[in-house]
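Engineer: return atomic coordinates for the entry below.
(chains A and B)
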Amino acid sequence: MDFDLMITSFPKLLGATVVTLKLLSASLFFGLFLGLFFAILRLNKNIFINKFAYGYSYIFRGTPLLVQIFIIYFGLGQIEYLRTTFLWVILKEPYWCAIIAFTLNTGAYTSEILRSAFQTIKPGIIEAGKSLGISNKIIFYKIQIPIAIRQSLPAYGNEIILMMKGTSLASTVTLMDLTGVAKYIISTTFKPIEVFIVAGGIYLFMTFVIHNVIKYLEKKYSFQQ
Amino acid sequence: MELLAFGKTGWGDELFYATLMTIAVSITAMFVGFLFALIFTPLKLSKYKTLNLVGNFYTTVIRGVPELLVIYLFFFGGSGAIMYVASIFGYYEYIEINAFITGSIAIGIISGAYSTEVFRGAIQSIDKGQFEAAKVLGINKFGQFYKIILPQMLRLAIPNLSNVWQITLKDTSLISVTGLVEIMRQSYIAAGSTRDPLFFYSFAAVLYLLLTYVSMKLINKLEVRYSRGY
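Structural biologist: Residues are numbered from 1 along each chain as shown, chains lettered A, B, ... in the order given. Reported below is the predicted structural model:
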């Protein structure tokens, strides 16, 4: 066991954790809106809109995240037309490609989580709102959304942890995130176990924090108060 | 379409074998995972705190650390560990382990952590009376588990195991970083030599979708079979 390596690699890995956290927060932020958008489409009665939203979540949940990143990073650059548009400014950066892929991926899972949360809201609550003369729009924003968010907290907490692990794939498109730096240190020192302990420890710590924050929020917003 | 032709002119046959490789790795990893679950589920359900701790350590660490990091650990650490063991027996040559074996074990350990949780949940949700009744009837330990608990457990576990299967199947794409020629690696090679990454990666996505779709259909049949009595 090489403790010196563990101590010297810790600050490097901690620096790389910032990249991981940036990727995670950006993709979760955009993914939440995308997920909400597609969850609402899923609840639409129009069969085409409904099927479209289902197809989106089916495709992104049925294929590995790695394929999605590769299609966006390596694949889209191949389209000549795209290279001439302003989108190319974004798509030539591995950082933004990773965020786009993660956003689309987490959006698909989030839409499923939110859809099931909307569906579990008791019709009586919406009817009560209606009978009080509250408009549909306000019922949606002030009643349905808060309840759905509360319902979906445990599942969404899992999704955050899965996404945090998913950001490790950014290292495959040359980004130096926590896993990327860990791999670099392993391949230069050939001491995989030491690096794994430090990098894995950082990931576990983040998992631990996310888990407890979600638990706290669940408690705070529970119905029995 | 000529890109997908079988034979020397296209990548059809290569991708076909790569798909078989993905299926083979997924199934092997799933079984390795079951072996791990077989060890760690009893530990998690044990009366002894220390054994619980070991079981919890395994599932927490594996489920909290990215799959890719675990694969790197095995990829870079695997042959080193084997060589260390071999050096004790006086063998000092370089040993390279097969990418298939490393990959299956790495993915298997990940899949095993999820399977362990599924089995634990399934056993815990079986009514205590079932265990007691089996004991009262004088059925031996083996029969208790094999004839009474297992069939009921499977019914509860299969829907969740199908999720584990999906995760395992998708995780196998990560083994491509170790050079094992499965769907992802083959698409990478094909994309590199034809300069058509969009087509090959999209095709890889279609292959994965096909695999998940077909396996879902098969698992649904299993589910029906194991819930006959209900």
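
Engineer: quick one, helices of the chain?
Structural biologist: Picking chain A for this. A:3-42, A:47-62, A:65-70, A:80-84, A:87-91, A:94-120, A:123-131, A:136-138, A:145-166, A:178-189, A:192-220 (DSSP state H).

Engineer: not quite, go with chain B.
Structural biologist: Going by DSSP H, chain B shows helices at B:12-45, B:49-64, B:67-88, B:99-124, B:128-136, B:141-143, B:150-171, B:183-194, B:197-226.

Engineer: right, so of those, which gets closest to A:Tyr81?
Structural biologist: Closest approach to A:Tyr81 among the helices of chain B is made by helix B:197-226 (12.3 Å; Cβ to Cβ). No exception for glycine: its C-beta is placed from N, CA and C like everyone else's.

Engineer: for the closest one, buried residues please.
Structural biologist: Within helix B:197-226, the residues scored as buried using 16 or more other Cβ atoms under 10 Å in any protein chain shown are B:197-205, B:207-209, B:211-212, B:215, B:219, B:226.

Engineer: for the record, mean pLDDT for stretch A:150-159?
Structural biologist: Stretch A:150-159 carries an average pLDDT of 90.

Engineer: actually stretch B:143-162, not the one I wrote
Structural biologist: Mean predicted confidence for stretch B:143-162 is 86.

Engineer: quick one: contacts of that stretch?
Structural biologist: B:115, B:118-119, B:121-123, B:125-126, B:130-131, B:134-135, B:139, B:215-216, B:219, B:222-223, B:226-227, B:230 (Cβ atoms under 8 Å, 6 or more residues apart in numbering or on different chains).

Engineer: now the buried members of those.
Structural biologist: Here, 16+ other Cβ under 10 Å leaves B:115, B:118-119, B:122-123, B:134, B:215, B:219, B:226 buried among the contacts of stretch B:143-162.

Engineer: among the buried residues of helix B:197-226, which are in reach of chain A?
Structural biologist: Checking these against chain A by Cβ under 8 Å from any Cβ of the partner chain, the ones in range are B:197-199, B:201-202, B:204-205, B:208-209, B:212.

Engineer: how many neighbours does residue 64 have?
Structural biologist: Picked chain A for this. When neighbours are counted by other Cβ atoms under 10 Å in any protein chain shown, A:Pro64 registers 24.

Engineer: you looked at the wrong chain, it should be chain B
Structural biologist: 21.

Engineer: pretty sure it contacts A:Leu204?
Structural biologist: Yes. The criterion here is Cβ atoms under 8 Å, and B:Gly64 meets it with A:Leu204 at 4.6 Å.

Engineer: where does pLDDT dip in chain B?
Structural biologist: B:1-2, B:8 (pLDDT under 70).

Engineer: how about the residues of it by chain A?
Structural biologist: So chain B meets chain A at B:60-61, B:64-69, B:72-73, B:76-77, B:80, B:166, B:170-171, B:173-174, B:176-177, B:184, B:187-188, B:191, B:195-199, B:201-202, B:204-205, B:208-209, B:212-213 (Cβ under 8 Å from any Cβ).

Engineer: what's the worst-scoring helix or strand of chain A on mean pLDDT in contact with?
Structural biologist: Using mean pLDDT, DSSP states H and E, the weakest-scoring helix or strand in chain A turns out to be helix A:80-84, at a mean of 78. Around helix A:80-84, the neighbours that count as contacts under Cβ under 8 Å, 6+ apart are A:76-77, A:88, A:91.

Engineer: weed out the non-buried ones from these.
Structural biologist: A:76-77, A:91.

Engineer: for the residues you listed, which one is nearest chain B?
Structural biologist: Nearest to chain B among the buried ones among the contacts of helix A:80-84: A:Leu76, at 6.9 Å, using Cβ to the nearest Cβ.

Engineer: that closest one and B:Leu198 touch, don't they?
Structural biologist: Yes. With contacts counted by Cβ under 8 Å, A:Leu76 reaches B:Leu198, the gap being 6.9 Å.

Engineer: ok, how many other residues are close to A:Leu162?
Structural biologist: Neighbours of A:Leu162 using other Cβ under 10 Å come to 16.

Engineer: which pLDDT value belongs to it?
Structural biologist: If you check A:Leu162, the pLDDT there is 93.

Engineer: for it, what are its contacts?
Structural biologist: A:Tyr109.

Engineer: ok, now how distant is it from A:Ile59?
Structural biologist: 17 Å (Cβ to Cβ, to the nearest Å).

Engineer: now for the contacts of helix A:80-84: which two are most distant?
Structural biologist: Across the contacts of helix A:80-84 (Cβ to Cβ), the longest gap, 9.2 Å, separates A:Leu76 and A:Trp88.

Engineer: residues near residue 110, how many?
Structural biologist: If you meant another chain, say so; for now it's chain A. Quick note: A:Thr110 (other Cβ under 10 Å) scores 28 neighbours.

Engineer: if you could check chain B rather than the one you did, that'd help
Structural biologist: 26.

Engineer: and if you look at A:Phe86?
Structural biologist: 8.

Engineer: pLDDT at A:Phe223, what is it?
Structural biologist: For A:Phe223, the predicted pLDDT is 69.

Engineer: burial count for B:Gly129?
Structural biologist: 9.

Engineer: quick check: it vs B:Val136, distance?
Structural biologist: 10 Å.
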